[in-house]
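Engineer: generate a structure from the sequence data that follows.
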Amino acid sequence: MHCKQLIDDVVFMFKYIRNEKLEENYEEILDDLTELCDITDHFIAPLNERFSTHQWLLLSLSRLIPAFIEGKPFDDIKEAVEIYQTLLHGSTSVNKQEFLLYQKK
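Structural biologist: Numbering: from 1, shown residues only. Purely as a prediction, here's the structure:
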């Protein structure tokens with residue numbers, strides 16, 4: 001319930017800052033937001049540590065998207081190719097040659 005009030009306060013603040021200046025003191029709202037940020041950081045930090053390996057894996061897989069591999073060396077996608085090796089035809093060296101041919105297009 002406390003978080004909902006914080007969100008409502010922030011929305012209220014932004015609405016009136018854009019439209020007109022109010023003579024209210026927003027220190028209490030800002031203190032509450034600071035508290036909310038501290039609480040959020042407390043929960044996000046362990047999640048970041050826990051899923052950092054997954055983030056790295058997803059980053060390497062995202063490099064297979066054609067828009068992201070233009071002008072990149074094969075070494076940038078080598079890890080992703082190894083992950084999907086069972087689904088790809090040929091060996092890693094064959095995939096590297098196909099990649100180089102794709103880059104020349």
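Engineer: what domains does the record give for this protein?
Structural biologist: 1-53, 63-105 (automatic domain parsing).
Engineer: end-to-end on the shortest one?
Structural biologist: As for domain 63-105, its first-to-last residue distance stands at 18 Å under the measure C-alpha to C-alpha, to the nearest Å.
Engineer: where in the chain is pLDDT low?
Structural biologist: Scanning the chain for pLDDT under 70 picks out 1-6, 15-27.
Engineer: show me the strands in it, by range?
Structural biologist: Shown for the chain, no strands are assigned by DSSP state E.
Engineer: the longest helix in this structure is where?
Structural biologist: helix 27-62 (DSSP state H).
Engineer: helices or strands up against that helix?
Structural biologist: Counting contacts by 3 or more C-beta pairs under 8 Å, 6 or more residues apart in numbering; DSSP states H and E, helix 27-62 is packed against helix 2-19, helix 78-83. Quick note: C-beta positions are derived from backbone N, CA and C, even for glycine.
Engineer: could the domains of the chain go into a markdown table alongside mean neighbour count?
Structural biologist: Listed next are those as a markdown table, based on neighbours: other C-beta atoms under 10 Å:
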| stretch | mean neighbour count |
| --- | --- |
| domain 1-53 | 11 |
| domain 63-105 | 12 |
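Engineer: before we move on, the earlier item: and the longest helix of the chain, how far out from the chain's middle?
Structural biologist: 11 Å (C-alpha atoms, centre = their mean, to the nearest Å).
Engineer: go on, stretch 97-105?
Structural biologist: The answer for stretch 97-105 is 29 Å, by C-alpha atoms, centre = their mean.
Engineer: who touches that stretch?
Structural biologist: With C-beta atoms under 8 Å, 6 or more residues apart in numbering as the test, stretch 97-105 has contacts from Ile69, Glu70, Gly71, Phe74, Ile77, Val81, Gly90.
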